[in-house]
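Colleague: Output the structure for:
(one chain, ligands or ions: 1)
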Amino acid sequence: MNNFDINKLVRENIAGLKPYSSARDEYQSNGSEMVFLDANENPFQTDVNRYPDPQQRTLKAELANLKAVKPEKLLLGNGSDEVLDLLFRAFCEPKKDNIITLPPTYGMYKVLANINDIENREVLLNQDFEPDVDEILSTADKKTKLIFLCSPNNPTGNSFDADRVRKLLQDFKGIVVIDEAYIDFSEKESWLKKMEEYPNLVVTQTLSKAYGMAGIRLGACYASEEIIRILNRIKPPYNVNELTQLRALKRVLDKDNVNLEVSDILNERDSLFKVLLEVKFVKKVYPSDANFILVKVDDANRRYEELLKEGIVIRNRTTQPLCENTLRFTVGTPEENKRLIASLKSIE
Ligand SMILES: *Cc1c(COP(=O)(O)O)cnc(C)c1O
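Modeller: A predicted model of the protein is given here:
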């Protein structure tokens, strides 16, 4: 991509911002025994009486190593939702700029646009749930700062065709955000590998799904050092708490077990897929690169209520565009999936 200039995209007030400098930013321990009287903390030990590292250096070093990127290209947040919000606040001027989203997709992009008072231009996916690249590019104008691609996409489960994504990265003049919340379940290559090629590429990932850590709230954003530097200026200083940093580090170091769980989930997904095809009221089962399956049924509202009565909570997606009468099933444990299957048979 030629002449992409991040300084032309960033909001004026953010470009000129003097960030808050925290006590822990101003003095970094060099490992020797220092007396810390700089942050008004309680000096007595509770394990968490000190402020956490605002740059999460230890955790970032491990994640960066795992993903084979420089730590300078990584920003961590309180879930990927915080990271996505930072992108709005850094690049989108309220009431002036706009973003493009591709329904049916993750609902949070639209909510964040509303919160930040940014116009959300929606370009529907095509019938195969692929981005309509020409339509997206003709919808974009000088004020379009961000395009959100969710791949594998929630709720449809498919990964977007690489040629389409590449064309958007090449031809769109703003930032292309690829939300890879489900990438660990997919055999497709992460777009992280293409970061050197595309200065306008931002990839977000999370520990909430494959890593089984939704409760600690940790999201990651990978991008050029320039973009990460801008996001770092506006993030709350201690946005990732100490307990989260410690638990996340432990889990990242235990990647082998994560991989085992992921492969169990994928096996379960594939058998659930086959069972769903046999259910009488199921009209279509969509292929999935993620840990959920989208299914078209005869009457989504009815089947949703029936499963609820059986004690099974799924997601009814029927009001989403292109998703009429669809239900989304998250893949559970083998026991949970057995219960689901039994319930599906009982309401047939
Ligand atoms: C679940 C999910 C996330 C995760 O958000 P966190 O704030 O990291 O828990 C992000 N994007 C999509 C598309 C998701 O489905």
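
Colleague: contacting residues around L75?
Modeller: L75 makes contact with V83, L86, A220, C221, A223, I228, L231, N232, K235 under the criterion C-beta atoms under 8 Å, 6 or more residues apart in numbering. Using the backbone N, CA and C atoms, a C-beta is placed for each residue, glycine as well.

Colleague: can we see that at 10 Å?
Modeller: 55-56, 60, 82-83, 86-87, 202, 204, 219-223, 227-232, 235, 239-240 (C-beta atoms under 10 Å, 6 or more residues apart in numbering).

Colleague: so which of those also contact the ligand?
Modeller: G219 (C-beta under 6 Å from any ligand atom).

Colleague: So which of the contacts of L75 belong to strands?
Modeller: V202, T204, G219, A220, C221, Y222 (DSSP state E).

Colleague: Please identify which pair of these lies farthest apart.
Modeller: V202 and G219 (12.2 Å; C-beta to C-beta).

Colleague: who has more neighbours, the two?
Modeller: V202 (26 against 23; other C-beta atoms under 10 Å).

Colleague: Return the set of residues that bridge with that one.
Modeller: V177 (DSSP bridges).

Colleague: And it, how close does it get to Y182?
Modeller: 17 Å (C-beta to C-beta, to the nearest Å).

Colleague: Then R164?
Modeller: 18 Å.

Colleague: and these two? which has more neighbours close in?
Modeller: Neighbours per residue (other C-beta under 10 Å) separate R164 from Y182, with Y182 holding more: 23 against 17.

Colleague: what's the more buried one sitting at in phi/psi?
Modeller: phi -110, psi 10 (degrees, to the nearest 10).

Colleague: For it, list the residues it contacts.
Modeller: Counted by C-beta under 10 Å, 6+ apart, Y182 has contacts 150-154, 157, 159, 205-206, 209-210, 288-292.

Colleague: Which residue comes closest to it once chain neighbours are left out?
Modeller: Spatially, and ignoring its direct neighbours in sequence, Y182 is nearest to A290 (3.7 Å; C-beta to C-beta, 6 or more residues apart in numbering).

Colleague: Now that neighbour: which helix or strand?
Modeller: Secondary-structure assignment from DSSP states H and E places A290 in no helical or strand segment.

Colleague: To what extent is it buried, counted in neighbours?
Modeller: 29.

Colleague: Quick check: it touching A181?
Modeller: Yes. At 8.3 Å, A290 and A181 qualify as touching, with contact defined as C-beta atoms under 10 Å.
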